[in-house]
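**Q** What follows is a protein structure lacking sequence information:
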């Protein structure tokens, strides 16, 4: 766009037609086509896996229901009420898991349908459209690929496996007063390997401090806050935290806030042996997408308070993997702190 007050001739202007020459055979176009194929394969793999798993947990439901009925038949009449309660819990657990899996199937069937349409559009563009039209459509599809990739990243639990069972503890020898605790519906969740072909978002990190603090009594406060913003849209996977100096275990609450709203909250036990070079990686359950040039705040609260390692001579501005992070000067001591950096990924660009 020309912003000159007085019109002048623009030199070295490249037309869109010239810019689009040879675009269909370019690495950018080939990569987009490859990404679509990988996401399509991944969507199909997730759908097949979860459909098979849905059949499996349905069989579990039937088997465990029969087991529950047989257990309850062996109990006295007063247990009939408990039987009804536990059946309801089992039904609820099954329904919740069934709904989750069906939601994932529906979500990725929609993703698959979208990718198939986008792939068809891309093939038509490559066969019949002009180079300019092909370039425009590819740029549109790149934005859709970003959404598909974010969908896959946010739904890593699509590979979880639910295993339902009814827990019993020799009920014939258990007093009636203990029946509520003796007969419970459980559902164990385990992570199962499902190989995906689409490119994951690389997780990067950095350390904003020049050196490790040496004082033994300086950093023992229970709460630490850090305000920051990033120059690019990023996915925040977690933070880096300095570990404790003592052998005690500390319960740590970590909150990510924006405009007084909590975007993510995590509770974790930090131990000295978890640290690598005195730094511990603390990851959120799911990555949080952060908007560029927007202020966010990380708050760490430790219980009990204790002596932790800390960093000194911290940068207020630091560049990492093409993104500039700017930290707000804190009132208590901006060049010392407990958070040396973040675990983050760069969101794909749309241009």
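**A** Now that the structure is in, tell me what you want to look at. Keep in mind that this is a model prediction, so the values were computed, not measured.
**Q** roughly how far is the longest strand anywhere in the chain from the heart of the chain?
**A** The residue-count maximum for a strand in the chain (DSSP state E) belongs to strand 279-290. Here the centre of strand 279-290 is set off from its chain's centre by 8 Å, with CA atoms, centre = their mean, to the nearest Å.
**Q** which residues in the stretch 1-150 of the chain form helices?
**A** 16-19, 27-73, 79-128, 131-154 (DSSP state H, counting those that start in this stretch).
**Q** just the ones you listed: most buried one?
**A** helix 131-154 (a mean of 18; mean count of other CB atoms under 10 Å). (Glycine included, C-beta is placed from N, CA and C.)
**Q** The helix or strand following that helix packs against which elements?
**A** Counting by DSSP states H and E, the element after helix 131-154 in chain order, helix or strand, is strand 160-167. Packing partners of strand 160-167 (3 or more CB pairs under 8 Å, 6 or more residues apart in numbering; DSSP states H and E): helix 27-73, helix 79-128, strand 184-191.
**Q** Just checking: what are the partner strands of the last one?
**A** Strand pairing for strand 184-191, using DSSP bridges, gives strand 160-167 (antiparallel).
**Q** ok, and what's touching the strand it pairs with?
**A** 53, 57, 60-61, 64, 67-68, 71, 86, 90, 93-94, 97, 100-101, 183-192 (CB atoms under 8 Å, 6 or more residues apart in numbering).
**Q** between that strand and helix 27-73, how many degrees?
**A** 0 degrees (axes from the mean of the first three to the mean of the last three CA atoms, to 10 degrees).
**Q** Tell me the buried residues in strand 160-167?
**A** 160, 161, 162, 164, 165, 166 (16 or more other CB atoms under 10 Å).
**Q** Quick one: residues in contact with the longest strand of the chain.
**A** Under CB under 8 Å, 6+ apart, the answer for strand 279-290 is 150, 153-154, 156, 201, 205, 207, 230, 233-243, 252, 254, 256, 263-264, 266, 268, 270, 274, 296, 340, 343, 345, 347.
**Q** That strand vs helix 131-154, what angle?
**A** Using the same axes, to 10 degrees: strand 279-290 against helix 131-154 is 130 degrees.
**Q** All the strands of the stretch 201-350 of the chain, residue numbers only.
**A** 204-205, 209-212, 223-230, 234-242, 250-258, 261-270, 279-290, 296-303, 311-314, 317-320, 323-327, 341-346 (DSSP state E, counting those that start in this stretch).
**Q** Tell me the helices and strands packed up against the first one.
**A** Spelled out, it's strand 204-205. Partner elements for strand 204-205 (3+ CB pairs under 8 Å, 6+ apart): strand 341-346.
**Q** any idea how far the residue nearest to residue 189 when sequence neighbours are not counted is from residue 285?
**A** Leaving aside its chain neighbours, residue 189 sits nearest to residue 160 (5.3 Å; criterion: CB to CB, 6 or more residues apart in numbering). Look at residue 160 and residue 285: by CB to CB, to the nearest Å, they are 12 Å apart.
**Q** can you tell me which of the helices of the stretch 1-150 of the chain comes nearest to residue 308?
**A** helix 131-154 (31.3 Å; CB to CB).
**Q** List of residues touching the closest one?
**A** Contacts to helix 131-154, defined as CB under 8 Å, 6+ apart, come from residues 16-17, 19-24, 28-29, 32, 35-36, 39, 42, 107-108, 111, 114-115, 118, 121-122, 125-126, 129, 196, 198-201, 235, 286-287, 289, 347-348, 350-351.
**Q** between it and strand 234-242, how big is the angle?
**A** Interaxial angle of helix 131-154 relative to strand 234-242 (the same axes, to 10 degrees): 40 degrees.
**Q** one step back: tell me what angle the longest strand of the chain forms with strand 223-230.
**A** Using the same axes, to 10 degrees: strand 279-290 against strand 223-230 is 50 degrees.
**Q** Strand 279-290 vs strand 261-270, what angle?
**A** Following the same axes, to 10 degrees, one obtains 160 degrees for the angle between strand 279-290 and strand 261-270.
**Q** do you know how far the spatially most central residue of the chain is from residue 193?
**A** By CA atoms, centre = their mean, the chain has its centre lying nearest to residue 286, at 2.5 Å. Counting by CB to CB, the separation of residue 286 from residue 193 is 19 Å.
**Q** Kindly report the same for residue 75.
**A** In terms of CB to CB, residue 75 sits 41 Å off from residue 193.
**Q** which of the two has more neighbours?
**A** With neighbours defined as other CB atoms under 10 Å, residue 75 and residue 193 compare such that residue 75 has more, 17 against 5.
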